[in-house]
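Enquirer: Next come a sequence and a model predicted from it.
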Amino acid sequence: MTGIRQFTRREMREVMQIRGFSEVTVSTYINHIRNLAEYFNRPPHTLQPEHIHEYQVFLVQEKQVSWSFFNQAVCAMRFFLTM
């Protein structure tokens with residue numbers, strides 16, 4: 001895929017730190033993106049919107065995560081996708 005930039009964890013961490021995110025938020029977001037990538041067994045930058053939707057359904061229906069966990073995951077994915 002040409003034209004799509006793959007960000008490393010280090011770069012993602014740096015961008016969040018520059019924007020003033022707390023260390024807890026930085027670690028939480030990175031963990032959520034890692035979990036997303038592990039769920040599909042592929043790099044997160046290769047995922048399409050339908051993958052994101054599928055993962056969100058998985059979190060709610062199968063894992064039955066709390067609202068706060070789900071919201072953190074969504075915020076992390078939104079941040080990653082707009083970086």
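Expert: Nice, I can see it.
Enquirer: And His51, how close does it get to Tyr29?
Expert: Using C-beta to C-beta, to the nearest Å, one obtains 18 Å as the distance from His51 to Tyr29. No exception for glycine: its C-beta is placed from N, CA and C like everyone else's.
Enquirer: And Glu50, by the same measure?
Expert: Using C-beta to C-beta, which is the criterion applied here, Glu50 is 22 Å from Tyr29.
Enquirer: What is the neighbour count of His53?
Expert: The number of residues packed around His53, counting by other C-beta atoms under 10 Å, is 10.
Enquirer: Okay, helices next: where are they in this structure?
Expert: Remark: helices of the chain, listed N- to C-terminal, are 9-18, 23-40, 49-57, 67-82; assignment by DSSP state H.
Enquirer: Reformat the ones you listed as a markdown table; add mean pLDDT.
Expert: Written out in a markdown table, the entries for the helices of the chain read as follows (pLDDT from 0 to 100):
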| stretch | mean pLDDT |
| --- | --- |
| helix 9-18 | 91 |
| helix 23-40 | 96 |
| helix 49-57 | 96 |
| helix 67-82 | 94 |
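Enquirer: Settle it for me: which of His51 and Tyr29 has more neighbours?
Expert: Under the neighbour definition other C-beta under 10 Å, His51 and Tyr29 were set side by side, and Tyr29 has more, 22 against 16.
Enquirer: ok, that one touching Arg9?
Expert: No: look at Tyr29 against Arg9 with C-beta atoms under 8 Å: they stay out of range, at 10.2 Å.
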